[in-house]
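Student: Pasting a predicted model and its sequence here:
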Amino acid sequence: MKKKFLLLAGSWVAGLAVAAAGGHLVPVKPSAAVLPAAPGRAGATDVGYIIGKVLDAGRGTPIANVEIHLLDSEWYAMSDDSGSFAFIDVPPGAYQVCATAMGYFSQTQTVILEEGQVGWVTFLLQRREYLPIALSAHPVGPNVHLSWSLQRPQTHVAHHNAKPVSGWFQKLRAGYGVLFDLSGFQGASLEQVDFNHYAWQVMHGPYLYRVHVYDMVDSTEVARIDGITSKDSYASPQWETAVDLGGLTGLSRVGIFIEPLSGSAEDAHPVISTDDHLPVFYGVNYLIEDLDHPFATLIDARTKNSGYGNFLIDLWINHNGTVQRIAGITAATPPVSASPGGPTRGVIPTAVEERRSAGVQSLHGFTIYRGSVDQPTRLSELARVAADQTSFLDTYAAQVSSFLYGVSALYDTLESSITLLRYYHPPVLSIAQAREDDNADGVPDRLGQSVTVEGVVSTQNYGRRGLTDFYLQDDHSGLHASSRALAVSLQPGQRVFVSGRIDTLNGLTDLVLMPGSVQIIAADAPLVKAALRKDEWAEEKESLLIQISGLTLIDPSSWPGAGQDGLVKMTDGQDTVQVCIDSNTDIAGSPTPSGFYTVTGVLDYTVANGWQIRPRRLDDFVLTVGVANSQAQSIGRHVLEQNHPNPFNASTTFIFSLSQAEPVRVLLRDVTGREVRLMFSGTLSAGVHRFNVDGRSLGSGLYFYQVETPSFRQCKKMTLLR
């Protein structure tokens, strides 16, 4: 009968070596101390005590229900809720004390116990876990969107053809494994082990087993994984997958060995399968005949039985984000034609090759936490999500507040460490509030602050001032938004929430976008075009979509060609305004305008050139020819004449005679009556006015041009042919 002792009371202090959080950790090897017994105890008896504690290496917290074994003896204990354990009345001697817990790497320490002494030992166990990584948070309007990823194994390293064909007789306290040369994978982390096994219809599962990880350069065991169970392989070979290694690093040559823990001494299970090809090289497939002395009993499997195949043991690593299968056995490798004498079982019937992808079978989902930055150890659980979900929308986050968000992974046996992120949730403001400048110094009062605004996209992405370069507005104010790092695809008329940091860009108030902070909430929202005279241009109107009528080009030679930027001057007879022509629009390279136009564009500003209108496309120029140059004539009534030429190809002209000065609207409609273009809206003087219709952006068909005044309304047909 096994002797089990558990320390349930008492408190004591032990030195801790807690590894810093963040990233994968190399297993810690704390030292064990041998201390004299309390006064009056030494010499009173020839027995002593082994007392210890088990802590999580990453968190420094106690681990309960850890099995503590004195190897090669019947003595074992279980740690209590404080992580404490004790063996009492232990005879003098040297003891190998082993701590085993589900979800942790096992650890063994040596305690030398003299007569009447107490041996103290502290275990710092490293978790075998895949942590959530790349946790990010960004505002989505009034909400917070969290996203993360789980680093899964990416590179598959194998030395077999994946086809289980035969196997060895295996023994207890013996290991069967493969050596992997990772010297070509600088900085690789060990993530997962898979292996194939078959019980040869001898023993039903499940079977207990242990995984040993050796550093073959230093001849040391770096990790031991206990408490794992394989599936039943009584009737057919089975793959045991997703035995995670916790991201071990710093190993250039590593040995992965499977130790069976079920069955009899000479016929232990699980039995590792082999393929039907000779090992390509010596130094790949190995047996350890005595795991108490692994490097003294390490034997090359090819030397022991050259007629046997490769062990079906796979290693998954992460290395520079690559995904590939390394060193797989090819068909050119000679197959095993016969099995000579030795501890072999024969041939597995109906062996089938199986291709597998990496995965963490035990992952159940994720837990999302939120807490105060002032109390980082007191996090509240927000939600739990499924394993295939790597995002979460927090709809209850208070604005203008800082939080700690955390995400952990939930496995069969434990919860992973929590990945933390500090986050500030900006307020949702109107555009006018975001850009306000109460002291009128030309610098926004919220410079450097993070905000969220709602508005309608008014322009395309110009792409001139970063990867993202567009304007948005609400009913009263406009704002430029940009990013040199993010490419955002938006269309005019989309209503959006956007978040970013208030900045200035060459004199323009600018919103520098946060990653993932653009949320489209509606399409085809109306865009208001404000009719502003030049004397009304001011900072609070900056970035608004405006419209000015009766403009004519002052210097036709300044009009830019295709692919060229241009800053041209136009006048309405009273004011001269600058018009910025962007080379990325269809305006540059179009025919030089002649006549008078209604121009629509964003009210823009630069330090070098001051105020200017930035039109978005050629349709933002609506031509009205002869408005200022029409000679005053005695006209008794309004007359709308037929266009010429008609039918037309690229352009056509029509004349409208006005008997008195009146507000005039000139519209172009398609055959269904839908308004295609507003050609003019403003007041015209009495006289003859000539209008040009540019049909280059229109499709073939029948159109109507219509003139409206308070006292007159008429339309006529015209036909566009291609």
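Tutor: Now that the structure is in, tell me what you want to look at.
Student: hey, let's count contacts and neighbours off CA atoms from now on
Tutor: Noted.
Student: For the stretch 451-600 of the chain, which segments count as helices?
Tutor: Here the stretch 451-600 of the chain has no helices by DSSP state H, counting those that start in this stretch.
Student: which residues in the stretch 251-400 of the chain form strands?
Tutor: According to DSSP state E, counting those that start in this stretch, the stretch 251-400 of the chain carries its strands in the segments 253-260, 262-263, 268-269, 273-274, 285-288, 298-300, 313-318, 325-326, 365-371, 379-386, 391-394.
Student: Out of the ones you listed, which gets the lowest mean score?
Tutor: Mean pLDDT is lowest for strand 325-326 out of the strands of the stretch 251-400 of the chain, coming in at a mean of 40.
Student: and the end-to-end length of stretch 243-261?
Tutor: Criterion C-alpha to C-alpha, to the nearest Å; first-to-last residue distance in stretch 243-261 is 16 Å.
Student: quick one: low-confidence parts of the stretch 301-450 of the chain?
Tutor: Screening the stretch 301-450 of the chain residue by residue with the criterion pLDDT under 70, one finds the ranges 305-308, 320-362, 412-414.
Student: Backbone dihedrals for Q433, please?
Tutor: Q433 has phi and psi values of phi -70, psi -40 when expressed as degrees, to the nearest 10.
Student: That one: how many residues sit nearby?
Tutor: 15 (other C-alpha atoms under 10 Å).
Student: I'd like the strands of the stretch 251-400 of the chain laid out as a markdown table, including mean neighbour count and distance to A650.
Tutor: Formatted as a markdown table, the entries for those read as follows, by neighbours: other C-alpha atoms under 10 Å; distance: least, C-alpha to C-alpha, whole Å:
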| stretch | mean neighbour count | distance to A650 |
| --- | --- | --- |
| strand 253-260 | 23 | 74 |
| strand 262-263 | 20 | 87 |
| strand 268-269 | 27 | 85 |
| strand 273-274 | 27 | 77 |
| strand 285-288 | 24 | 79 |
| strand 298-300 | 17 | 84 |
| strand 313-318 | 26 | 61 |
| strand 325-326 | 12 | 61 |
| strand 365-371 | 20 | 61 |
| strand 379-386 | 15 | 59 |
| strand 391-394 | 17 | 52 |
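Student: export those to TSV and tack on distance to E114?
Tutor: Listed next are the strands of the stretch 251-400 of the chain as TSV, based on distance: least, C-alpha to C-alpha, whole Å:
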stretch	distance to E114
strand 253-260	33
strand 262-263	35
strand 268-269	37
strand 273-274	46
strand 285-288	33
strand 298-300	34
strand 313-318	43
strand 325-326	51
strand 365-371	48
strand 379-386	46
strand 391-394	57
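Student: Which among those is found nearest to G406?
Tutor: Evaluated with C-alpha to C-alpha, these place strand 365-371 nearest to G406, the distance being 4.8 Å.
Student: Could I get the full set of helices for the chain?
Tutor: Along the chain, the segments classed as helices by DSSP state H run 301-304, 431-435.
Student: quick one, which of the ones you listed is packed in tightest?
Tutor: By mean neighbour count, with neighbours taken as mean count of other C-alpha atoms under 10 Å, helix 431-435 ranks first of the helices of the chain at a mean of 21.
Student: Go ahead and name everything in contact with it.
Tutor: Identification of contacts with helix 431-435 by C-alpha atoms under 8 Å, 6 or more residues apart in numbering yields 444-446, 451, 453-455, 473-474, 476-479, 502, 509, 540.
Student: Hmm, H364 is touching A387, no?
Tutor: Yes. Proximity of H364 to A387 meets the contact threshold set by C-alpha atoms under 8 Å, at 5.4 Å.
Student: sorry, back to before: any chance of CSV for the helices of the chain, columns distance to R669?
Tutor: Rendered in CSV, the data for the helices of the chain read as follows (distance: least, C-alpha to C-alpha, whole Å):
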stretch, distance to R669
helix 301-304, 86
helix 431-435, 35
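Student: so which of these comes closest to Q660?
Tutor: When these are ranked by proximity to Q660, the top entry is helix 431-435, at 41.4 Å, counting by C-alpha to C-alpha.
Student: D80: which of the strands of the stretch 251-400 of the chain is closest?
Tutor: Taking C-alpha to C-alpha as the criterion, strand 379-386 is the member of the strands of the stretch 251-400 of the chain that comes nearest to D80, at 25.0 Å.
Student: Would you list the strands that that closest one pairs with, along with their directions?
Tutor: In its sheet, strand 379-386 lies beside strand 365-371 (antiparallel), with partners assigned from DSSP bridges.
Student: how far is the strand it pairs with from where the chain is centred?
Tutor: For strand 365-371, the gap between its own C-alpha mean and the chain's C-alpha mean amounts to 17 Å (C-alpha atoms, centre = their mean, to the nearest Å).
Student: Same question for stretch 659-669.
Tutor: The chain centroid and the centroid of stretch 659-669 are separated by 56 Å under C-alpha atoms, centre = their mean.
Student: Now do it: everything it contacts.
Tutor: Contacts of stretch 659-669 from elsewhere in the structure, counted by C-alpha under 8 Å, 6+ apart, are 634-638, 675-687, 703-710.
Student: make it 7 Å
Tutor: Taking contacts as C-alpha atoms under 7 Å, 6 or more residues apart in numbering, the residues outside stretch 659-669 that touch it are 635-638, 675-687, 703-709.
Student: Give me the buried subset of the residues you listed.
Tutor: Among the contacts of stretch 659-669, those scoring as buried are 638, 677-681, 684-687, 703-709 (criterion: 16 or more other C-alpha atoms under 10 Å).
Student: just checking, M216 touches S252?
Tutor: No. Applying C-alpha atoms under 7 Å, one finds M216 not in contact with S252, separated by 8.3 Å.
Student: Quickly note the distance from T249 to I317.
Tutor: For T249, the distance to I317 under the criterion C-alpha to C-alpha works out to 10 Å.
Student: my bad, should have said S549
Tutor: S549 is 67 Å from I317, where distance means C-alpha to C-alpha.
Student: Give me the neighbour count for E662.
Tutor: Neighbours of E662 under the rule other C-alpha under 10 Å: 16.
Student: quick one: pLDDT of it?
Tutor: Per-residue confidence (pLDDT) for E662: 90.
Student: Tell me the spacing between it and L291.
Tutor: Using C-alpha to C-alpha, we find E662 at a distance of 103 Å from L291.
Student: cool, K569 as well?
Tutor: K569 sits 88 Å away from L291, taking C-alpha to C-alpha as the criterion.
Student: so who does the closest residue to I554 other than its chain neighbours touch?
Tutor: Computed as C-alpha to C-alpha, 6 or more residues apart in numbering, the closest residue to I554 that is not its neighbour in sequence is M570, at 5.4 Å. By C-alpha under 7 Å, 6+ apart, the contact set of M570 is L551, T552, L553, I554, T576, V577, Q578.
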